[in-house]
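*Asks:* Model the structure of this input:
(one chain, ligands or ions: 1)
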Amino acid sequence: LVLRDRECTGSATPQQRGGRGWRALLEPPRAGIFGSPRDKLMLQGGRRMAIKESLLPELDQEAAVTRRLLERLPAEKLGWQPHPKSMTLSRLVTHLTELANWGIMAITEDEIDINPPGGGAPRRTELRSVPEILSTFDANVAHLRKAVADTSDATFQRPWTLKSSGQVIFTLPKIAVLRAMVLSHLIHHRGQLTVYLRLLDVPIPSIYGPTADEGWQG
Ligand code: NI
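*Replies:* This next block holds a predicted model:
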């Protein structure tokens, strides 16, 4: 019972925390027992970190890097696409601005039907100017940030279901939706954006390290 308490019941030495490195994160945590390698990585100052404390700095970092790219969008090239099957640049960056909304939906709802019976087809919007793209991105990220900051571990662990036409596509814990549908998804499409910008001769800022154009940043 004590082990189920939210307060820390053990402490990880730096050797324990660092010894297995990132491999430890790949191991499934043992439910209810704060002794797994992943739990030890989540211990800070003898206290178990709340999920939001781990998620917010990562969200801030990825949003800041993404914004650095959006600030460089060439306004006259928003309709450009590298291949007939590819999204236009404006659709790609509009999609980047939308991803925060999935996180907000995952936190505030327990399921969503992207194609509700009797409803219309999902609307695909394209933002048409760089200032509109930047302000939409900022507003959506700020809204998501507040939602994450207001969410408890218990809520993050509750299930969330994606449906289409009433059929379940998947059910995952809300935190897994945040990690996959928001963060990984953002990073995936941001990677596409760097290729678009390279092909348009826009200098690429540092992301996880120097690029061919620029060195380390901040
Ligand atoms: Ni996508």
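*Asks:* CA atoms for contacts and neighbours, from now on please.
*Replies:* Fine.
*Asks:* Quick one: the strands in this protein, in order.
*Replies:* 43-44, 47-48, 111-113, 159-164, 167-173 (DSSP state E).
*Asks:* which parts of the third one are buried?
*Replies:* Which is strand 111-113. E111, I112, D113 (16 or more other C-alpha atoms under 10 Å).
*Asks:* Pull the contacting residues for the residue nearest the centre of the chain.
*Replies:* Geometric centre of the chain, nearest residue: L183, 1.7 Å, by C-alpha atoms, centre = their mean. Going by C-alpha atoms under 8 Å, 6 or more residues apart in numbering, L183 touches L59, E62.
*Asks:* Now do the helices for the protein: every range, in order, please.
*Replies:* All helices of the chain, identified by DSSP state H, fall at 14-19, 23-26, 37-41, 51-70, 89-108, 130-149, 153-156, 174-177, 185-199.
*Asks:* Can I get the strands of the chain in TSV including distance to P82 and mean pLDDT?
*Replies:* Putting the strands of the chain into TSV (distance: least, C-alpha to C-alpha, whole Å; pLDDT from 0 to 100) gives the following:
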stretch	distance to P82	mean pLDDT
strand 43-44	45	66
strand 47-48	46	80
strand 111-113	32	94
strand 159-164	30	96
strand 167-173	31	95
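*Asks:* Specify the stretch among these that is closest to S86.
*Replies:* strand 159-164 (23.6 Å; C-alpha to C-alpha).
*Asks:* All set now, cheers.
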